[in-house]
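Visitor: this one's sequence-less:
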């Protein structure tokens, strides 16, 4: 079915047009969303974003013609996924802009030296984890920071759960070795 056929169906028989649009572009939308949300969101977040994309596209196609349906669907997918990624990042604190950061006074009982040492240790640990490379670093972060199951990580990375478990074990051994080489004890 061509894009013109889908747009005609959207005007004449909206439920049939919506079904045709969904059938033709679901994989395309999902791949865009998954690529952008990789490492940030779960499979449920991807599905929610895909649903939002189709809702937005279907509302727009109700009355107006669009010159290139595929380009429009791709742009809406990209923008929705970026918005979802920002929303997830702000909830988890992965990505905080300087404007959003609340700068507060340091409390008198704050041990600045201890906090600084903790931050430096965290930075060194994250550096060692990133040295593992992808997908091992993603697996470690998702498993131990976000408390994701092997099954959830496997879905996110397009692997099977057994492979994720094996890679996680091997990555942890490599991480321990890197930490020892850098003199980091936890």
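Guide: Arrived safely, thanks for sending. Everything numeric here is computed off the predicted structure, so don't read it as measured data.

Visitor: Please give me every residue in contact with residue 175.
Guide: Contact analysis of residue 175 by CB atoms under 8 Å, 6 or more residues apart in numbering lists 128-129, 132, 140. Every C-beta, even on glycine, is put in place using the N, C-alpha and C of the backbone.

Visitor: count of neighbours near residue 41?
Guide: Neighbour count for residue 41, taken as other CB atoms under 10 Å: 23.

Visitor: And it, how far from residue 168?
Guide: 20 Å (CB to CB, to the nearest Å).

Visitor: Looking at the spatially most central residue of the chain now. What's its pLDDT?
Guide: Closest residue to the average C-alpha location of the chain: residue 37 at 2.3 Å, with CA atoms, centre = their mean. Residue 37 carries a pLDDT value of 86.

Visitor: In a markdown table: the contacts of residue 175, plus distance to residue 90.
Guide: Converted to a markdown table, those look like this (distance: CB to CB, whole Å):
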| residue | distance to residue 90 |
| --- | --- |
| 128 | 26 |
| 129 | 22 |
| 132 | 26 |
| 140 | 23 |
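
Visitor: Can you tell me which of these lies closest to residue 88?
Guide: residue 140 (18.7 Å; CB to CB).

Visitor: Isn't the closest one up against residue 171?
Guide: Yes: contact between residue 140 and residue 171 holds when scored by CB atoms under 8 Å: they sit 5.5 Å apart.

Visitor: Which neighbours do these two have in common?
Guide: Residues touching both residue 140 and residue 171 (CB under 8 Å, 6+ apart) are residue 132.

Visitor: how about the helices in this structure?
Guide: 3-12, 14-37, 43-61, 69-92, 112-131, 136-140, 150-157, 161-181 (DSSP state H).
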